[in-house]
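> Make a model of this:
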Amino acid sequence: MRAKSIQVNPARHLRGKINVPGDKSITHRALILSSLAKGGSVIKGMGRGLDCLATQKIIKRMGVVIEEGEDLFVQGRGIHGLEEPGDVLGCGNSATTMRLLAGLLAGQNFYSVLSGDRFLRERPMSRVTEPLTMMGAKIWGRKRGHFPPLSILGSPLEGIRYSLPIPSAQVKSSLILAGLYAEGETCITEPYQSRDHTERMLKFLGLPIERDDLTVRVKKLTSFPGREISVPGDVSSAAFFIGGAAILEGSHLRVLSVGLNPTRMGFIDALRQMGADIEVHLEGKRSGEEYGEIEVRGRRSLEGTTIEGDMIPRLIDEMPIVAVVSCFAEGQTIIKDARELRVKETDRIRAITTELRRMGAEVEEREDGMIIKGRGYLKGAECQSYNDHRMAMALTMAGLCAEGRTKIRGSDCIDTSFPGFWTTLEGILIE
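Next up is the predicted model:
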């Protein structure tokens, strides 16, 4: 099957109001924790991209009854109620699904296998399997557990004290889920704080979790009731439209009912450092998560900046669009401490450097980031998405802001996180 290609023409402005899909990260966690609750839960506003649907399908294959409609009703089976699946559990392209479920499945009383598509099978899993093994998990995989498929024999677990080598919400969450089944206390310390959706949802559900600065502590769980969980719009999906509107002078865009979790707002902070005209309107809190409206107006004068350190975990998924915006910022933008980008859906440092150079950008690739010398323009070119949804969306915005037509190969991967992306874009696009 051939990957879809799309042509993007230059735009004058992005104007209007948009809603984006439910937050992908929160949806994964809502599905998993609702399946462990005793009784029914309702998930409102969930993301329905392919990654989230992979988690939903796996949960159903372990005996959880799910009724679909505008909202999702999940009949939880309790902390020890999941059933052994009869076949390999397919995670599609979703590393979040695989890493979080590895932690959950490590403490079950049955055997399971997690696999995925050819891209996911090349993504590293040892960062999860090694600390889980320290807890007593029995996990096998290719190259000594470094790559999927992962074969997991559920075992009794013991709590550990573990310091993450790099901040990772996926690894932290995997260990937290395993910690719910482990004897004693599980303590996880991060070098910088990563996104904290798992901690917030556990607290909202009344489960035993504590945070002390950069350390999270969790204890073994017995039972908890189901609840209604509201999922705000995904700020990572919104970021591409925000970035495009910030570049195109005269744009005025409002993103409605979107998540405003501080651990996800690094992209907004970075654009503001560049001089972007962005306002954030906090409206309240639902299910432990802040939400509200983001308003952006396009302006001509953006300036280069430095993005590093504790800012990186708060915008790691938005880095491709940060790089695009940097091409239109006067002066130099330095991105460093972002080595994690090399093990995403693709090597995003190499990918965004390569594709922006095709479009005439001056980009220097570094081991842990890049240096971009803003020229104030890009030129249309034929680009490759690398089957990476965030690359495809970032290149779409680059094409809208470039001179001439841009062709993006492999644009269908956007459905991984943002079904309806093109319809949303058409509603605000002024050519």
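> what about the nearest residue to residue 234 once chain neighbours are set aside, how many neighbours?
Sequence neighbours aside, residue 23 is the residue nearest to residue 234 in space, at 4.2 Å (criterion: CB to CB, 6 or more residues apart in numbering). Just so you know, the C-beta spots here come from the backbone N, C-alpha and C atoms, and that holds for glycine as well. Around residue 23 there are 31 other residues, counting by other CB atoms under 10 Å.
> and what of residue 183?
13.
> got the contact list for it?
Residue 183 sits next to 156, 157, 158, 159, 220 when contact means CB atoms under 8 Å, 6 or more residues apart in numbering.
> Send me the strand or helix carrying residue 29 as CSV with only the CA atoms.
Taking DSSP states H and E as the criterion, residue 29 maps to helix 24-36. What follows is helix 24-36, C-alpha atoms only, in CSV (Å, rounded to 0.1, in the frame of the first residue of the first chain):
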residue,chain,number,x,y,z
LYS,A,24,-3.7,11.7,23.5
SER,A,25,-1.6,11.2,26.7
ILE,A,26,-4.6,11.7,29.0
THR,A,27,-6.8,9.3,26.9
HIS,A,28,-4.3,6.4,27.2
ARG,A,29,-4.2,6.8,31.0
ALA,A,30,-8.0,7.2,31.3
LEU,A,31,-8.5,3.9,29.3
ILE,A,32,-6.0,2.0,31.4
LEU,A,33,-7.0,3.2,34.8
SER,A,34,-10.8,2.9,34.0
SER,A,35,-10.2,-0.8,33.1
LEU,A,36,-8.7,-1.3,36.6
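> what's the neighbour count on the residue nearest to residue 140 when sequence neighbours are not counted?
Excluding its sequence neighbours, the residue lying closest to residue 140 (CB to CB, 6+ apart) is residue 151, at 4.4 Å. Residues within reach of residue 151, counting by other CB under 10 Å, total 17.
> just to revisit the earlier point, and the contacts of residue 183 as a markdown table, adding neighbour count, secondary structure and distance to residue 270?
Listed next are the contacts of residue 183 as a markdown table, based on neighbours: other CB atoms under 10 Å; DSSP: H, G, I helix; E, B strand; the rest coil; distance: CB to CB, whole Å:
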| residue | neighbour count | secondary structure | distance to residue 270 |
| --- | --- | --- | --- |
| 156 | 12 | coil | 44 |
| 157 | 23 | strand | 39 |
| 158 | 12 | strand | 40 |
| 159 | 21 | coil | 37 |
| 220 | 17 | coil | 40 |
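> counting contacts, what elements does the lowest-mean-pLDDT helix or strand in the chain pack onto?
One helix or strand of the chain scores below all others by mean pLDDT, DSSP states H and E: helix 142-145, with a mean of 88. Contact here means 3 or more CB pairs under 8 Å, 6 or more residues apart in numbering; DSSP states H and E; on that basis helix 142-145 packs against helix 126-134.
> contacting residues around residue 67?
Contacts of residue 67 (CB under 8 Å, 6+ apart): 73, 75.
> hang on, the earlier thing: beyond the helix holding residue 29, next helix or strand please.
strand 38-44.
> if we can go back for a sec, hmm, who's touching the very next helix or strand once past the least confident helix or strand of the chain?
Counting by DSSP H and E, the next helix or strand C-terminal to helix 142-145 is strand 147-153. Contacts with strand 147-153, where a contact means CB under 8 Å, 6+ apart, come from 88, 91, 98, 102, 105-106, 111-116, 120-125, 129, 137-142.
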